[in-house]
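1. sequence first, then the predicted structure:
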Amino acid sequence: MKRGAARADGMIHAAFTHDFNNYAAAAEADKRAIDTLGAALAGSDRRLIVTSGTLLAQRQGPIAVEDDTPNPNFPRKSEEAARALISRGVNVAMVRLPPSVHGAGDHGFVPTLINLAREKGVSAYIGDGLNRWPAVHRFDAADLYRPVLEKGSAGFDSTFHGFPTVCDNGRAIVYYSDTGGRSLWKLDARSGNVTQIPNTTTGFIPTCAAEGETIFFWGQQADGSSYVFKAPFSGGIPARFSDRVAISPPFLSLDGKHLLFATPMKDGSVGGAVFSAETGKLEGEISVPPTFDLSVSTLCWMPDNRSVAYPDLRSGVANLWSRPVLGAGPQKQLTYFTSGKLWACAFSADGKYVAISHGSRQSDAVLFTNSNSAK
């Protein structure tokens, strides 16, 4: 192991002996492996990635975040061993994987649930089905490791900025960031100044109308339930927009008058509820088409402010379809792609332009061999 690390341009430590009958010994072996790899890389800029798990984090709020430290009472000490290497000059980073990392050929938790559902004819869930269980496909996990390995800076850089929305007629951009703790931030497009929006520590995935003083965002209460909240653009006390549980971010119509989000229906299914953005009054409910591409879970309002467009798989390939959410009308196919996925869409208010994020996920298998063995 030490010789291999000494010759490598970087190392990913993702191994762990899942022997729950002798877990303390497995945890100690993991710590020794991290120390050995770190010793071989000390004093260089070659990166070592140490793998940990989201279940090891000691949650400080309703959900675990990157800044939460590992539970000191847990016998596995992967993160503590990694942090100790920093003082020894090791360029180390940490990746926390969810408890379920699944894919073809997997024999763990997710396939067990699938096989159980096939055997029993039903897929069971707890309560209302809104409990959180993080999972990731192994290809997506691999996509995460690569940029972490190739990033040059050392240390634990967990800062994340995302989900920008244009507000105030293009003069401001509101986005989510975990800089100094999770919150919503505002970027002044003219001056470039960035300020934190007060009282939005529960905020996530904001949206706002081009005109107006209100921000809507997906947020979480102390009991872990998620709702849509609204707050003044200047940052007042957020108010819960609706008593309906939100299992998607809010989508605001282009004229700023209607708000749509996914929510449980009375029959136990998941559908969409449309509200007046001004009064919060329920304006309508829609069912989710069975061919809706749930792997993306995005949609965009149409310029008529009464219909939405969404990625649909009914043709076997993701394409953009539209359907009314206020009133009746036919569904219409808008794009005719023959491959790839639709990641996001956005229409201009005048209906002249549409922006679509379209592409594919590609993963490569690479075989590393000892060049000396070929001689």
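-> Happy to help now that I have it.
2. low-confidence ranges in the chain?
-> Applying pLDDT under 70 to the chain picks out residues 60-63, 151-159, 180-181, 210, 235, 361-375.
3. would you map out the domains in it?
-> Domain assignment for the chain, taken from automatic domain parsing, gives 2-99+134-150, 159-284, 289-375.
4. pretty sure Ala344 sits in a strand.
-> Yes - Ala344 forms part of a strand when assessed by DSSP: H, G, I helix; E, B strand; the rest coil.
5. number of nearby residues for it?
-> Residues lying near Ala344 (other C-beta atoms under 10 Å) number 13. Every residue, glycine included, has its C-beta placed from N, CA and C.
6. wouldn't it be in contact with Thr298 here?
-> Yes - at 5.3 Å, Ala344 and Thr298 qualify as touching, with contact defined as C-beta atoms under 8 Å.
7. Gly284 in helix, strand or coil?
-> Going by three-state DSSP, the state assigned to Gly284 is strand.
8. give me the number of residues near it?
-> Close neighbours of Gly284, defined as other C-beta under 10 Å, add up to 15.
9. leaving aside the residues adjacent along the chain, what's closest to it?
-> Among residues not flanking Gly284 along the chain, Val274 sits closest, at 4.5 Å (C-beta to C-beta, 6 or more residues apart in numbering).
10. also Thr291?
-> Excluding its sequence neighbours, the residue lying closest to Thr291 (C-beta to C-beta, 6+ apart) is Arg314, at 4.1 Å.
11. one more: Tyr336?
-> Once flanking residues are discounted, Tyr336 sits nearest to Asn319: 6.4 Å by C-beta to C-beta, 6+ apart.
12. circling back to that earlier point, of all the domains of the chain, which lies closest to Gly105?
-> Of all the domains of the chain, domain 2-99+134-150 sits nearest to Gly105, with 9.6 Å by C-beta to C-beta.
13. please tell me I have it right and Asn71 contacts Leu56.
-> Yes - using C-beta under 8 Å, Asn71 is in contact with Leu56, at 6.0 Å.
14. of the two, which one has the most company?
-> Taking other C-beta under 10 Å, Asn71 and Leu56 do not tie; Leu56 has more neighbours (17 against 14).
15. so that one sits right up against Pro75, yeah?
-> No - if you go by C-beta under 8 Å, Leu56 and Pro75 don't touch, sitting 10.1 Å apart.
16. give me the neighbour count for Val325.
-> 24.
17. got the phi and psi for it?
-> When read as degrees, to the nearest 10, the backbone of Val325 gives phi -120, psi -10.
18. ok, it touching Phe275?
-> No - assessed by C-beta under 8 Å, Val325 is found out of contact with Phe275, at 11.0 Å.
19. contacting residues around Ser225?
-> Residues near Ser225 by C-beta atoms under 8 Å, 6 or more residues apart in numbering: Leu130, Val245.
20. repeat that with 7 Å
-> Val245 (C-beta atoms under 7 Å, 6 or more residues apart in numbering).
21. relative to Phe261, how far out is it?
-> According to C-beta to C-beta, to the nearest Å, Ser225 and Phe261 sit 14 Å apart.
22. now do Val50
-> Val50 is 38 Å from Phe261, where distance means C-beta to C-beta.
23. so what's the residue nearest to Tyr336 bridging to?
-> Asn319 forms beta bridges with Asp312, as assigned by DSSP bridges.
24. burial count for it?
-> Asn319 has 21 neighbours, counted by other C-beta under 10 Å.
25. how about the contacts made by it?
-> Counting by C-beta under 7 Å, 6+ apart, Asn319 has contacts Asp312, Gln333, Thr335, Tyr336, Phe337.
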